[in-house]
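In: Turn this into a structure:
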Amino acid sequence: MPYFDAASAAPLHPVARQALLAALDEGWADPARLYREGRRARLLLDAAREAAAEAVGCRPDELVFTSSGTRAVHSGISGALAGRRRVGRHLVVSAVEHSSVLHSAAAHEHGGGSVTEVPVERSGAVDASVFARALRPDTALACLQSANHEVGTEQPVAEAVAACREAGVPLLVDAAQSLGWGPVPEGWSLLTASAHKWGGPAGTGLLAVRKGVRFAPQGPADERESGRASGFENLPAIVAAAASLRAVRAEAAGEAARLRALVDLIRARVPELVPDVEVVGDPVRRLPHLVTFSCLYVDGETLLQELDRSGFSVSSGSSCTSSTLTPSHVLRAMGVLSEGNVRVSLPAGTTREDVDRFLAVLSPVVAGVREKLGATTGVPAAAPSPAPASAPAGPRADSPADSLVVDALGRRCPVPVIELAKVIGEVPVGGTVTVLADDEAARLDIPAWCAMREQEYVGEEPAERGSAYTVRRLV
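Out: Residues are numbered from 1 along each chain as shown. Predicted coordinates:
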């Protein structure tokens, strides 16, 4: 059964498994102790730190291991903000950062700090000049991911580094998705990553803080990991994480070229095989193994379940998931379709045959989900032809109305868009359809539908319940 969700958690690398098993035998003791077993454990910890630091591009004494990538982000942001509190309490983040960064930003704002969220282009990338303009004299820290977790778009880290250096602001880079593929451009101040993204064991992250960066660890003081990560080190996992990072980086060039070709195939074939689909993310500046697309008139959760039944494990940033029922913040920031969203992220070793089988089942699966929902695809039906010149003056009984109202209140995505598509052909060109909806996803998906179907999105107005979204028929 092909596993296509490596962006969430990559399968354990064989080198990680070997290192983990060996370290369970040799690295069980406390590395802070001076007896033989402790010294042996300390040697393993030091060797793992050196290997990880080499891959990151920093000094070993600048890097600590944490209990997760999320913990690394939280510790890095809180420590950097506290270390520079005399400068100010302003934090800059991009609108598409990982939720761990945005949660830290929300906590900072709740505590009295200020946050600027830099918007992104439709590709998912920030404009480096806009990012630079967000920096202020009281900015204590800026955060920018190296590549997006949901759509794979690479961010202009080098340009952000230059802007932050000129402004005297430290830059934290979340490199969780990209570190296994190569080093981050130099000049960053803090860097975080998570081992399960590159084939290491889950529950192991890393935080690198450059020398000279003002940093004040928050929370109760702890003597381990330079006081920046509390608790007993999970040494076997740390050893496995470092060993697998070195291994995947050695394989990265060849594997990246091979997987990029497979992703290019998916990006090209999905729009050909599936009607009304939008492939999102930058087609060039992107991670080699990841592609995301959204399908009109499809319930994302049902689509993932049907793909699972067909033997493919994929993930989704769709608004239609049982966990949130709210649109993906990444897709929302990009202004792209969120319904029926599928993220395919290929692990190392994926074959052309695996991809061909996925493409073969995708179209009938999407068609089946649409059929269950009663959805229609394709161009809207044409409005009735105007009466001939010899016909009596005045409206005919079968003439289309100039405007229609669709009540989709209480109905979840993609139903509001499906209902819109069903009736758009019942108004003449220039006529309008107003959709009443209280599903948060409608705010994103109706404008996206208009862009895909070449209709005009007039706008949104408050309604007695929910919102009223008005669309003008152009074709």
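In: correct me, but Val274 touches Leu362?
Out: Yes. Under the criterion of Cβ atoms under 8 Å, Val274 makes contact with Leu362 at 6.3 Å. Heads up, the C-betas are built off the backbone N, CA and C, glycines and all.
In: Compare the two (neighbour count), which wins?
Out: Leu362 (26 against 23; other Cβ atoms under 10 Å).
In: packing partners for whichever strand or helix holds Val101?
Out: Under the criterion of DSSP states H and E, Val101 resides in helix 99-110. If you count contacts as 3 or more Cβ pairs under 8 Å, 6 or more residues apart in numbering; DSSP states H and E, helix 99-110 packs onto helix 69-83, strand 90-94, strand 114-118.
In: Quick check: neighbours shared by Val274 and Leu362?
Out: Between them, Val274 and Leu362 share no contacting residue under Cβ atoms under 8 Å, 6 or more residues apart in numbering.
In: Moving C-terminal from the helix or strand where Ala240 lies, which element do we reach first?
Out: Ala240 is located in helix 235-273, with elements delineated by DSSP H and E. Later in the chain than helix 235-273, the nearest helix or strand by DSSP H and E is strand 277-280.
In: residues contacting Val355?
Out: Leu262, Leu265, Ile266, Leu346.
In: now do 10 Å
Out: Pro2, Phe4, Leu259, Ala261, Leu262, Val263, Leu265, Ile266, Arg269, Val344, Leu346 (Cβ atoms under 10 Å, 6 or more residues apart in numbering).
In: Show me where the stretch 301-450 of the chain has its helices.
Out: 329-334, 352-373, 415-423, 442-453 (DSSP state H, counting those that start in this stretch).
In: Surely Ala202 forms part of a helix?
Out: No. Looking at Ala202 with DSSP: H, G, I helix; E, B strand; the rest coil, it is coil, so not inside a helix.
In: Surely it and Ala9 touch.
Out: Yes. Contact criterion Cβ atoms under 10 Å: Ala202 and Ala9 qualify, at 6.5 Å.
In: Pull up the overlap in contacts between these two.
Out: With Cβ under 10 Å, 6+ apart, Ala202 and Ala9 have common neighbours Ser194, Ala195, His196.
In: count of neighbours near the second one?
Out: With neighbours defined by other Cβ under 10 Å, the count for Ala195 comes to 32.
In: How about the one 5 residues further on?
Out: Applying the criterion other Cβ under 10 Å, we find 34 residues in the vicinity of Gly200.
In: ok, so what distance separates the residue positioned nearest the centre of the chain from Glu339?
Out: Nearest to the mean C-alpha position of the chain, by Cα atoms, centre = their mean, lies Glu150 at 2.4 Å. In this view, Glu150 and Glu339 are 15 Å apart by Cβ to Cβ, to the nearest Å.
In: same check, this time on Gly152
Out: Taken as Cβ to Cβ, the span from Gly152 to Glu339 is 20 Å.
In: quick one, which of these two is more surrounded?
Out: Higher neighbour count among Gly152 and Glu339: Glu339, with 30 against 26, using other Cβ under 10 Å.
In: Mind pulling up the pLDDT for the closest residue to the more buried one other than its chain neighbours?
Out: Nearest residue to Glu339, sequence neighbours excluded (Cβ to Cβ, 6 or more residues apart in numbering): Pro414, at 4.2 Å. pLDDT, Pro414: 88.
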